[in-house]
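Peer 1: A structural model of the following input is requested.
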Amino acid sequence: MSNAKDKWLRQEQAVRATQMAFDLSSEVQKSIKKQAIDQELTPSDMIRKILSLEVKSKKTRQRLSFNLNDEEIALLAERFGVAPDDKRAVKQQVAELLIARTSQR
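Peer 2: Predicted coordinates:
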């Protein structure tokens, strides 16, 4: 079977996959998420591992993200003493603040 056809078949199978969502207690959700972080997995992959199913994805580097509007970016830029249009500098300052905060614990 050619690579293109094989790839197409895998994509077709992925489209047919059934997504399951669960309403679990916050303690159960926290536990799964913490285990996932500790093992550098996504919560979805952690559930697959708990169920003894194949985990195909590689370990992930967990990212933290949040949204800022332009006003909040300007406020943070002023707080950090950087130009309000320099989002990269604001991001760097936020990262440094978060790192410093975790090292204080």
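
Peer 1: now for the strand or helix carrying residue 30, which elements pack on it?
Peer 2: Assigned by DSSP states H and E, residue 30 belongs to helix 26-38. On a contact count with 3 or more CB pairs under 8 Å, 6 or more residues apart in numbering; DSSP states H and E, helix 26-38 meets helix 43-50. From N, CA and C alone the C-beta is placed, and that goes for glycine too.

Peer 1: quick one: low-confidence parts of the protein?
Peer 2: Scanning the chain for pLDDT under 70 picks out 1, 12-15, 60, 62, 105.

Peer 1: That one - how does it break down into domains?
Peer 2: Domain assignment for the chain by the TED database gives 24-61, 70-104.

Peer 1: mind listing the helices in this structure by residue range?
Peer 2: 3-16, 26-38, 43-50, 70-80, 87-104 (DSSP state H).

Peer 1: Turn these into TSV, columns for mean neighbour count.
Peer 2: Compiled in TSV, the helices of the chain are given as follows (neighbours: other CB atoms under 10 Å):
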stretch	mean neighbour count
helix 3-16	9
helix 26-38	13
helix 43-50	16
helix 70-80	14
helix 87-104	12
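
Peer 1: any chance of the ones you listed in TSV, plus distance to residue 57?
Peer 2: Below are the helices of the chain laid out as TSV (distance: least, CB to CB, whole Å):
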stretch	distance to residue 57
helix 3-16	12
helix 26-38	12
helix 43-50	6
helix 70-80	33
helix 87-104	25
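
Peer 1: With that, I have no additional questions.
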